[in-house]
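>>> Curious how this folds, go ahead:
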Amino acid sequence: MGRNGRIAVGVSGGGSNLRALHAAAGRGELGAEIVLVFADRACPALEWASEQGIDTALLPDGDDVALAETLGGASPDAIVLAGYMRVIGPRVIAGHAGRILNTHPSLLPAFPGAHAVRDALAHGAAVTGATVHLVDETLDGGPIVAQEAVPILAADDEATLHERIRAVEHRILPRATALLLAGAVAVGSDGRRVVLDLDRAEASVPTPRRALLSVSDKTGLADFGRGLVGLGFELVSTGGTARALRDAGLPATDVAAVTGFPEMLDGRIKTLHPRVHAGILADRRLADHRRQLVAAAVAPFELVVVNLYPFAAAAERPGIGFDELVEEIDIGGPSMVRAAAKNHASVAIVTSPARYKAVLAAIADEGSVPAGLRAALAVEAFHQTAAYDARIAAELPGRMAAAGVTLPDEPGLPGAGDAYPATLTIGLEKVETLRYGENPHQPAARYRRAGTRQTDGPFASATAPLQGKQLSYNNVLDASAAAALACQLDGPACVIVKHTNPCGAAERETLPEAWTAALAGDPVSAFGGVVALTDEVDRPTAEGLASIFLEVVVAPGFDADARAVLATKANLRLVVDPSLASGDVAAASIDPTASIRTAGGAFLVTAPDTIPDDPTTWQLATSRAPTDAERRDLELAWRLVRGATSNAIVLVRDGRLIGLGSGQTSRVDAARQAVEKALAISGEAVLRGAACASDAFYPFPDGVDVCLSAGVSAFVQPGGSIRDDDVIAAAERAGATMLLTGVRHFRH
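Reported below is the predicted structural model:
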C-alpha cells in the first residue's frame, strides 16, 4: 500500500482506539491515513473525528447496505472496527474480505460478545487480554492477527480492568493495522490461522519513532518532549515523567501500556520487561533482529532518555534513614542506560538535560542522531553508570554499619583490619578543563569527588571564583595548600603560599594586622603568591592585598567594600571557602581513601594528614619548660610545618613565620635555609628567642646546632631518633627548651 493507504474506522463510543490510530497515522506508523469514520449511533468519537476534519458517516443500526455503499465511496484499503458495537453484515464482509480488523477486550476465543470484561471477572479468570482479529461471518471468531495477555488483579473491577486492556489495544491495534496495510497478513490454508510474512513486514511496515523517557531531573523535559513530538516521536514514559509530560500538554504512553503489566513493588518494577528491553537492545542493522521484533509485536526505541534516582543527593540529606536511602538506588534506570549505550549503533542514549538541544537539532537537521553523537552519548552514559555505582559502593558500607548490620572482617568494610577493598572505584565529576597543567605543554582538568562537602576544601564544590581569570593547575594546588594551612590557625590569621609552601603566616588580633605580619615574613616570595585568610575580608585588608601582585585569595567571604577594592585587580581570583571562618576548622577526616596520588604507574591511596594535634600530649624533653610566649610560637610553628614540603624546618617569632626550609634532602640543610631566610628578611634580632619546628625527628644534633647558633631558644619535633639523647643534650647545653610530639608530619 506504500504510505498512501486509506483507512475507514468504525466507532460507537468515546473513540480512544480511534484516537490511538489517528496518532499512529500522524506519526507515519501506518503508511496510511484515516479517510472515514463511521458510527451506528451519535457518539463522542464521531464528533471528535469531525473536529479533526475527517469525513464521517452516521449509519443508524449499522445497516449493511448503507454501510457497504458508504465504504464503497471511501474506497478503504483497510476497515478497522475500534469499539464498533454492531455485527458487520454479509455485504460488507463480501466486499472487503480479509481487510476488516476488529479489536476485542479478551483473549479470544474466550469471552466473546458484548460483555467480555464483565464475563472474565464473573468467571474468576486470572488472565484476560486484548485481541485483534480479522472479521468474518462468525461473532468474534475470525482469524487472530494480534493478541496480548493482561493479568487480572485482585483489586480490579470492570472499569479498571477495561482501562488496562484498552491501553494494550491502543498499541496492538495500530500495529496490526500497519501489518494488514503492508500486505504482511495472510490466512493459512486451514482458513483459521493467520500467517505473518515477516520479510514483507520487516521491509514494508513503517518503523515507528519512539522515545523512552524516565527522568528524575525534569529540567527542560517539557521543551524536549515538545520537540520530539514535533519530529514525529511517540513518547513512552514512566509515572512521574509521564505526568510531567501530560501536565505540559503532551501525549505520553505509559510504560505499563507497553508491557501490559502495571507497576508493582512500590514502583521497583516498571521497565524491567522484554517489551521494553527488546525495543532498546534490538540491533536494527540486522534483518533477523528486525524480523524478531515483528514476530514479537515489539516496536523499537530510537531514543532512550534516562537520568537516575538522585542517590548522591539523598545520601547528603540530613537524617535520611538506611532503608530510605536504599530506595534511592536505581535499578531499572541503569539497566536501560546500559542497554541503550551498548546498542548505540541503533539507539541514542541521553542521560543529561544538557544534551537535549543538540539531540533535537541533530534529528531536525539530519533526520536522526548521527553515529558519532550516538557513540559519544554512549560513552557518557557508561561514565555516569560507573560513577553512580561507585558512589553507592562507597556510601553503603558505613550506612550498613550505622544501621546495625554486623559486617564481616573483610577488606574495605567498616571495622575491618584492612581498610582498603580489593577494588576501588572512585567517581569524579568534571568541573572544568584547565588552560594547561603544571607546565604549558601538559593538558589538565579539574574534577571534584562526588559527595564532597564545602568543609573538605575550597574546591569541594564546583562554585566558580567571585572574580578573576580562570584558575590554573598550579593555582588550585597552591590555594588548596594555603586553605589547609589556614584551617590550622587560630583567630584572625593569614597564610601566604608559594609553590604549596608557606612563605608568610601570622596570627593577630585583626585581619589587617595578620596580613601585614605575614607579608613581613617574606615580601619577596609573596609576590605572585596565594593568600588564605580566616575571616571575611574587609576594606583595610583588601587594600593591603591589592598593594602587591597576587594570584589567588581564599577567604570565608569578602564584604562589599573589599570587593570594590579588589575589583581593580581584574585577574586576581577570589575564592570563597566558608570552612576558613575562625573557629570553623573542618573535622578530622576518617575516610581512608580521601587522598590519592600516582606514582610510577601505581595509585597510592591514604587517609589525609588532617587529624589535629593535641599540644597537651607533648612531652617536655629538657629541664627547662617553654615560656608562655615560646609555647604559643611552638604551637604555631608545628601547625605550619605540617604544610611544608619535607624535609622541613619552620621558624616562628611573636606569632609569625620568619623562616622556612623546605624540600631539602637533609634536615641540616633545611635548618640552614630557614635561618638564612630569616636573617636575609628580618635580621639577626628576630632569631633571638625564636621557636623552631621540625616535621620529623633530628637524625643528628647538627640541625639543632644551626638554629641554636642563630639564637633559637625553643624546639618542637616528633622524636624517635636513635640519637634523641644527643639531640636533646645539645638543646639542654644551650639552655633551650624542647618538646616531643610523638607525631611526624612528612609531606612529599
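>>> rest of the way, CA atoms for contacts and neighbours
OK.
>>> Help me confirm that residue 164 is found in a strand?
No: counting by DSSP: H, G, I helix; E, B strand; the rest coil, residue 164 is not found in a strand; it is helix.
>>> from memory it sits against residue 150, does it?
Yes: between residue 164 and residue 150 there is a contact under Cα atoms under 8 Å: 7.5 Å.
>>> contact partners of the helix or strand hosting residue 224?
In this assignment (DSSP states H and E), residue 224 forms part of helix 221-230. For helix 221-230, the external contacting residues (Cα atoms under 8 Å, 6 or more residues apart in numbering) are 234-235, 244-245, 248, 250, 353, 356-357, 360.
>>> tell me the phi and psi of residue 237?
Backbone torsions for residue 237, taken as degrees, to the nearest 10, come to phi -150, psi 170.
>>> ok, now residue 420?
phi -110, psi 120.
>>> Contacts only, for it.
Contact analysis of residue 420 by Cα under 8 Å, 6+ apart lists 411-413, 592-593.
>>> Which of the residues you listed fall in strands?
Using DSSP state E, no member of these falls within strands.
>>> Buried among those residues? Need that as a selection in ChimeraX.
Selection of buried members from the contacts of residue 420 for ChimeraX, criterion 16 or more other Cα atoms under 10 Å:
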select :412,413,593
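>>> tally of neighbours for the closest residue to residue 92 other than its chain neighbours?
Closest residue in space to residue 92, ignoring its immediate chain neighbours: residue 68 at 5.0 Å, by Cα to Cα, 6 or more residues apart in numbering. Using other Cα atoms under 10 Å, residue 68 has 21 neighbouring residues.
>>> My guess is residue 68 contacts residue 91. True?
Yes: counting by Cα under 8 Å, residue 68 does reach residue 91; the two are 6.4 Å apart.
>>> quick one: contacts of stretch 402-416?
By Cα under 8 Å, 6+ apart, the list of residues contacting stretch 402-416 from outside reads 322, 397-398, 401, 417-422.
>>> related to what we said a few turns ago, lowest-confidence member of the contacts of helix 221-230, which is it?
Lowest pLDDT of the contacts of helix 221-230: residue 234, 87.
>>> What's the local residue count around that residue?
22.
>>> I figured it was touching residue 254, is that so?
No: with contact defined as Cα under 8 Å, residue 234 does not count as touching residue 254 (10.8 Å).
>>> Quick one: the helices in the stretch 501-650 of the chain, in order.
Under the criterion DSSP state H, counting those that start in this stretch, the stretch 501-650 of the chain contains helices at 511-521, 523-526, 539-545, 560-566, 628-641.
>>> Same list, those helices, but as TSV with mean neighbour count please.
Converted to TSV, these look like this (neighbours: other Cα atoms under 10 Å):
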stretch	mean neighbour count
helix 511-521	24
helix 523-526	16
helix 539-545	19
helix 560-566	17
helix 628-641	23
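>>> so which of those gets nearest residue 338?
Checking the helices of the stretch 501-650 of the chain against residue 338 by Cα to Cα gives helix 560-566 as the closest, at 47.7 Å.
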